[in-house]
Structure formats: C-alpha cells, structure tokens
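[1] Would you be able to build a 3D model of this:
(2 chains)
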Amino acid sequence: GDSVTQMEGPVTLSEEAFLTINCTYTATGYPSLFWYVQYPGEGLQLLLKATKADDKGSNKGFEATYRKETTSFHLEKGSVQVSDSAVYFCALSLDFGNEKLTFGTGTRLTIIP
Amino acid sequence: DAGVTQSPTHLIKTRGQQVTLRCSPKSGHDTVSWYQQALGQGPQFIFQYYEEEERQRGNFPDRFSGHQFPNYSSELNVNALLLGDSALYLCASSDRTDTQYFGPGTRLTVL
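    Residues are numbered from 1 along each chain as shown, chains lettered A, B, ... in the order given. Model prediction:
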C-alpha cells in the first residue's frame, strides 16, 4: 500500500540555521505530495504542495521539490526562526489532495534562540 | 470566510460509551474526511463523505460510523469506546479542485 517515511525527530536547531527534513514515499500511482505543519494544541495547516514530478512547492520560506526518480519530497528552509517550532508532516494523496491523505509519523522541530 | 470548525473541543468518556463528534466544512467545500491522530503519531484516515455517502474508508472497525448532512456538515460516531480510541480527531474539508483543509480537532479521552 501507499506509505510515507519521514526523518525521525526530534530535530533541534539554532535560529538562522538551515533546515532539511527528509521525506520519501511509496505509491502505486502518481501521487500529489504535501507538507502540513501542526503548532502546539492546533490542527494541521497546509504548508506547501506539489502535484507532479519536478514541481517545487514553496511557502513562508519553506521549499520542497517533487523528485520522482528518488521518490522524495524533502522540506528545506534556508534560515529558520523560533516561530517555525512545530511538528511537520509529509503526506501523499492520489487525487490532488481530495482523496485520502496518507501521512508520515511527523518530525518535531524546535528552534533555539 | 470561516474555516473548518469542529465541536466539541474536548471530550471525556468512559469505556463502552458512545460519542458523536461534529464538523462544519469550509465554505464552498462539499467533501468531508475524518482522521484519528494518536499521541505522537501522524493522522490516520478513517473515512470520507461526499454527497451524503461514504466514499472511501480506511482500516477502522465498524464501531466507527459517520454521516453527512445536506448542508455538507458531518458527524463521526464511535460506539463501544475503548481506551485505545483516545486521540485527537481531525476533520478536513475539500472539493474537487482544492486540497484538504483541517479543523482544530476534538480531543477525546476514554477512561
């Protein structure tokens, strides 16, 4: 079945450091890929998405590129802030996000001032 | 433009009881999905409703059932609660051209 494997956490970085959170997937078709973020005590917020190979999703300084050859969708940010502290989930869907989302286990990110 | 809303925010039940959770979708959305998020885990898909019918279902027992109303709002019902049903229950709405947007969730504790 479809699955998402995420980099194990937690991840702790200093402010202004470079961030990478790895995500790889297994899917029977051609999925759309997503990164969601969950702040403490809240639901999930869509951070960015990509719907086909080589697409780059970007938002709030975060970027991720859909790599079909390596079945990956790694999340990157050049300079993290304390406000980026949250749990990040990689997910896939087989219908542009309208069908069920399959999530990874999440990566907790803590940014230290 | 109101986003996805869920009620109640928190709920405490005892084993064997039944619970109903509610969700109102984002304006313009006609599809509602439910997810269970156990502590420290990613959300797991329960089922999805479209045009008042269950369109997709995840790997959850029949104790989990749902309903969608003509105004697209939805309910999740869980019967014969188990301790393992304690989790954050998330509702997400979407339409054919948009991705899923999540509500804040209902925290269910089963004692």
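
[2] And chain B, is stretch A:53-73 touching that?
    No. Legend: contact between stretch A:53-73 and chain B by CB under 8 Å from any CB of the partner chain is lacking; minimum distance shown is 11.0 Å. In short, each C-beta sits where N, CA and C put it, glycine included.

[3] Then stretch A:20-39?
    Yes. Under the criterion of CB under 8 Å from any CB, chain B is reached by stretch A:20-39 at A:S32, A:F34, A:Y36.

[4] Read off the pLDDT value for the second one.
    Spelled out, that is A:F34. A:F34 carries a pLDDT value of 95.

[5] Just the element for it, please.
    strand A:32-38 (DSSP states H and E).

[6] thought B:Y72 was touching B:S27?
    No. In this structure B:Y72 lies outside contact range of B:S27 using CB atoms under 8 Å: 9.6 Å.

[7] So which of those two has more stuff around it?
    B:Y72 (22 against 11; other CB atoms under 10 Å in any protein chain shown).

[8] any idea which helix or strand carries the residue sitting nearest the centre point of chain B?
    With distances taken as CA atoms, centre = their mean, B:W34 lies nearest the centre of chain B, 3.4 Å away. Following DSSP H and E, one finds B:W34 within strand B:31-37.

[9] The strand holding A:F34 pairs with which strands, and in what direction?
    Take DSSP bridges as the rule and strand A:32-38 pairs in its sheet with strand A:44-50 (antiparallel), strand A:86-93 (antiparallel).

[10] Other residues contacting that strand?
    A:23, A:25, A:44-52, A:57, A:62, A:64, A:66, A:73, A:75, A:86-97, A:101, A:103, A:106, B:99, B:102 (CB atoms under 8 Å, 6 or more residues apart in numbering or on different chains).
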